[in-house]
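**Student:** Need a 3D model of the following:
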Amino acid sequence: MIKAFLVAAITAVVLFGCAPAWAQGHIVKIKLNDGSASLNGNLPKDYTNRTFIKGLAMYRNKIDDLAGCLILLEEKDKASIIGQFLRPGEPPLRNAALADVLYSSKISTSFKMNGSYMIASAGASTGSVVELILTDVNGVLVPETSIPYLDICKAARNVDKELKKRIYYIRSAKLTSVHSRVYQEIGSEAGISGTVFSAGGKVYTSSDQFKTDYVVSVDLISLTNLLLTRNCDGLISNSELAVRQQNDRARQDADRAEQDRRNKESELRGAKSEVDDLKRKVAEMQQTLRKQQTTSDEYKGQIENLRKDLVSAQQRVNQVNIEIKQQVESNNRVVMANSEQQNKSAGEEKNNLVQKSDVGVISEVKNLSEEEVKKMGFKEVKQ
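**Tutor:** Numbering: from 1, shown residues only. Coordinates of the predicted model:
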C-alpha cells in the first residue's frame, strides 16, 4: 500500500485547508495516479532529424544571419562558418506559424537524450525526474528561388572534391526554447509542498520555477548534392556568354551613338558654314548699298530676304544643338539600362534537398577569415 498511496502530514495552505488536522496529529491518505505512461516520451522526428550546433548560440537573436551560410563540419563536433550566400535583396523568410509546443513530458535517467544539448543539457539524476517542454519560438527559411546557385558555383569552383563533402548549405534555422523543472523523490512519510508527481511507485515533488534555455538547430544540404542539381560549368558558361553578348550589344549601341553624334556634328558644321556665308553676303550687300547710297526698294527687298534666310539658318543651328543634346541623353540611358541588365540573374526550379548530416550535435563553431576561406579554394566569398 505504501507504493500506491502517499501518506503525508498536510498544512492548511497545501491541502484542503485542514490546519487542525496537522496540529492535532491527524494523518490524511491521498491516492496519486501513476504517471509512468507520461514519463520519457519520445522526441518528435521533426526535432531529432535536425542538426544541433552548440557553438551557434551567438545567433540566438539573429538567426537570419545563419540561414544561407556555408558551414564546414570539421573533425569530431567542430564547425566553421565560411560565408553567407543569398540573392541580393531577398532575405530569408520568417516562419510566423511557430510557438506551438513540440514536446512536453517528464524524463528520468533512462531517457535516451538525458543531458543532451538537444534539450539544452537538461538532465535527470538518481532520485529525480525533470519536466521538459520544448517550443520552437523562431525560424527562418531560404526559399529555393533565393539560393544563388551561380554565386556558389563560382565560389566553390576550385574547392577540393573531398573538402566539398564536408561543406553544407544551411537552408533553414530554428530557435527552440527549453523549459525544465526538477522534481526530487521524497519518502512516504515526508511532508509535501509544491507540485507532486508519481511514477513507478515513487513520489516526486518540486517547488522550483521553470528554468528557460535556448538551442539553435539547422537543416543542412550537402554542398555536393546542392551543386549536383545544377550544371555549374553550364551555369558559369552561360553567364559568361550572356555577359559577352551584353557587352557586344552595349559596344554596338555605343558605336551607333558615336556615329550619330558625328553626323550631327557634321550637320552642325554645315549649318554654321551656311550662316557664316549668309552673314558675309549681308555684309557685302550693306557695304554695296552704303557705297552707292541708294535706297532702292529692290536692294531693300534683297537685304530683307537675306536677313530672313539668316534667321532661318540660325534656327536650324539651334534645332541641331537640341537634337545633339537629346542624343547624348538617350545614349546615357542606353548605357545605364545595359549596366542594370548585367546584374540580373535567372531564377531556378524548386528542389527539396534538406538532409541530416552525419554529425548530430556540433559543439564549437568559428568564423573563417577571408584568407582561410581562399586557401580552401573559395573565391568571391561574402563575409
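**Student:** CA only for contacts and neighbour counts going forward, please
**Tutor:** Will do.
**Student:** OK, contacts around the nearest residue to residue 116 once chain neighbours are set aside?
**Tutor:** The spatial neighbour of residue 116 that comes closest, neighbours along the chain excluded (CA to CA, 6 or more residues apart in numbering), is residue 122 at 7.0 Å. Listed by CA atoms under 8 Å, 6 or more residues apart in numbering, the contact set of residue 122 reads 114-116, 130, 180.
**Student:** Would you show me how to pick out the buried ones of those in PyMOL?
**Tutor:** Buried residues within those, by 16 or more other CA atoms under 10 Å, are selected in PyMOL with:
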select buried, resi 114+130+180
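**Student:** do you know how far residue 41 is from residue 67?
**Tutor:** In this view, residue 41 and residue 67 are 30 Å apart by CA to CA, to the nearest Å.
**Student:** Compare those two and say which one has the larger neighbour count.
**Tutor:** When residue 41 and residue 67 are compared for neighbours, residue 67 comes out ahead with 27 against 15, by other CA atoms under 10 Å.
**Student:** tell me the SS of the residue nearest to residue 116?
**Tutor:** Assigned by DSSP: H, G, I helix; E, B strand; the rest coil, the conformation of residue 122 is coil.
**Student:** And for residue 180?
**Tutor:** Classification of residue 180 using three-state DSSP returns strand.
**Student:** thinking again about what came up before, just the ones of the contacts of residue 122 in helices?
**Tutor:** With helices taken from DSSP state H, there is no overlap with the contacts of residue 122.
**Student:** would you list the contacts of residue 122 in a markdown table and tack on distance to residue 141 and pLDDT?
**Tutor:** What follows is the contacts of residue 122, written out as a markdown table (distance: CA to CA, whole Å; pLDDT from 0 to 100):
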| residue | distance to residue 141 | pLDDT |
| --- | --- | --- |
| 114 | 29 | 87 |
| 115 | 29 | 87 |
| 116 | 25 | 88 |
| 130 | 32 | 94 |
| 180 | 28 | 94 |
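**Student:** quick check, nearest of the contacts of residue 122 to residue 374?
**Tutor:** Proximity to residue 374 was ranked across the contacts of residue 122 by CA to CA; first place goes to residue 116, at 35.2 Å.
**Student:** quick one, strands of the stretch 1-150 of the chain?
**Tutor:** Per DSSP state E, counting those that start in this stretch, the stretch 1-150 of the chain carries strands over the ranges 5-8, 28-31, 51-53, 69-73, 78-84, 93-94, 101-107, 128-141.
**Student:** Next, the angle from the fifth one to strand 69-73.
**Tutor:** Spelled out, it's strand 78-84. Between the axes of strand 78-84 and strand 69-73, defined by axes from the mean of the first three to the mean of the last three CA atoms, to 10 degrees, the angle is 160 degrees.
**Student:** Strand 78-84 - contacts with which helices or strands?
**Tutor:** strand 69-73, strand 364-367 (3 or more CA pairs under 8 Å, 6 or more residues apart in numbering; DSSP states H and E).
**Student:** how about those in JSON lines, adding mean pLDDT and distance to residue 202?
**Tutor:** Below are those laid out as JSON lines (pLDDT from 0 to 100; distance: least, CA to CA, whole Å):
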{"stretch": "strand 69-73", "mean pLDDT": "92", "distance to residue 202": "44"}
{"stretch": "strand 364-367", "mean pLDDT": "75", "distance to residue 202": "39"}
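**Student:** most tightly surrounded among the ones you listed?
**Tutor:** Comparing the helices and strands packed on strand 78-84 by mean neighbour count (mean count of other CA atoms under 10 Å), strand 69-73 ranks first with a mean of 23.
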